[in-house]
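1. no sequence for this one, just the structure:
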């Protein structure tokens, strides 16, 4: 079965860190882009970072630049999102997804919830 499994969410105080994982099964990262999205209640799902595991190219939305780092372990078929200096506005449900272009995805994983307290 082709799927993505996100994990690593939790509760953290402002300024803290979390690392999210996105494990792929049933397919490899070849020619795929893996992205992280965030959804806050009442708002649209927002693309925050993506990576092309084949060449390591990355992209970040402005609100997370300098604080979040996306990386890929091709041998483990897993993408990570290291989140540092977390802020209350980072609270939300984080989803990983796969597609052909950054933020243009066609396969979604389930969400993992992140709560940042002030």
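-> Sure thing, it's come through. Remember, predicted model here, so these are calculated numbers, not experimental data.
2. Counting neighbours, which bits of the longest strand that the chain contains end up buried?
-> Secondary structure of the chain per DSSP state E: the longest strand is strand 104-117. Neighbour-count burial for strand 104-117, counted by 16 or more other C-beta atoms under 10 Å, picks out 105, 107-109, 111-112, 114-116. To be clear about C-beta, it is placed using only N, CA and C from the backbone, and glycine gets the same treatment.
3. can you check stretch 46-66 too?
-> With burial defined by 16+ other C-beta under 10 Å, the residues of stretch 46-66 counted as buried are 47-53, 59-60, 64.
4. Contacts for stretch 58-72 next, please.
-> 29, 34, 36, 46-53, 56, 78-86, 89-90, 102 (C-beta atoms under 8 Å, 6 or more residues apart in numbering).
5. from the middle of its chain, how far away would that stretch be?
-> Its chain's C-alpha centre and that of stretch 58-72 lie 9 Å apart, by C-alpha atoms, centre = their mean, to the nearest Å.
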